[in-house]
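Chemist: Sharing a sequence plus its predicted fold:
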Amino acid sequence: MSARRPILGRSLKPFRRPWLWTGLWMLAIAVVVIGSLLPARDLPPVGISDKLEHGAAYAVLAAGAVQLFQRRASWGMVCVILVFLGIGLEYLQGAMGLGRMADRADALANTIGVLIGLASAFTPLRDLLLRIDRRL
């Protein structure tokens, strides 16, 4: 009998500094969560579309998962979690009563951003962070 590789677990790419890259990715997630739940009056005005902000943020988070994890199952699981995170944060924005409203279009922009970030897995940039890590 041959030993089967687990579908999940130990799926990080072989980085020299895995805690650095994972920590930065988790920090990016925290920034998105905190930014999503701040009262509207505390947010600085940004000169681009709100939907582009949402899409770009979630594209970066999903692309970060592609950079960190080597298994497609891990990419898929993280992307599903990110989609649910985006939907959940939109719900919380409406429920918290801090001057923010739940917006289905924002949730859709988040989901499209996740798909764009996931698409980076099928480009030559898929292992960019691993190459950077090895040069440092």
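Modeler: Arrived safely.
Chemist: Give me the secondary structure label for the residue most central in space within the chain.
Modeler: Centroid-nearest residue in the chain, with Cα atoms, centre = their mean: Leu61, separated by 2.1 Å. Secondary structure assignment for Leu61 (DSSP: H, G, I helix; E, B strand; the rest coil): helix.
Chemist: That one is in contact with Ala28, isn't it?
Modeler: Yes - counting by Cβ atoms under 8 Å, Leu61 touches Ala28, with 6.1 Å between them. (Each C-beta comes from the backbone N, C-alpha and C, glycine too.)
Chemist: Output the below-cut-off pLDDT ranges for the protein.
Modeler: 1-9, 47 (pLDDT under 70).
Chemist: nearest spatial neighbour of Ala102, skipping sequence neighbours?
Modeler: Using Cβ to Cβ, 6 or more residues apart in numbering and skipping the chain neighbours, the partner closest in space to Ala102 is Gly94 (3.0 Å).
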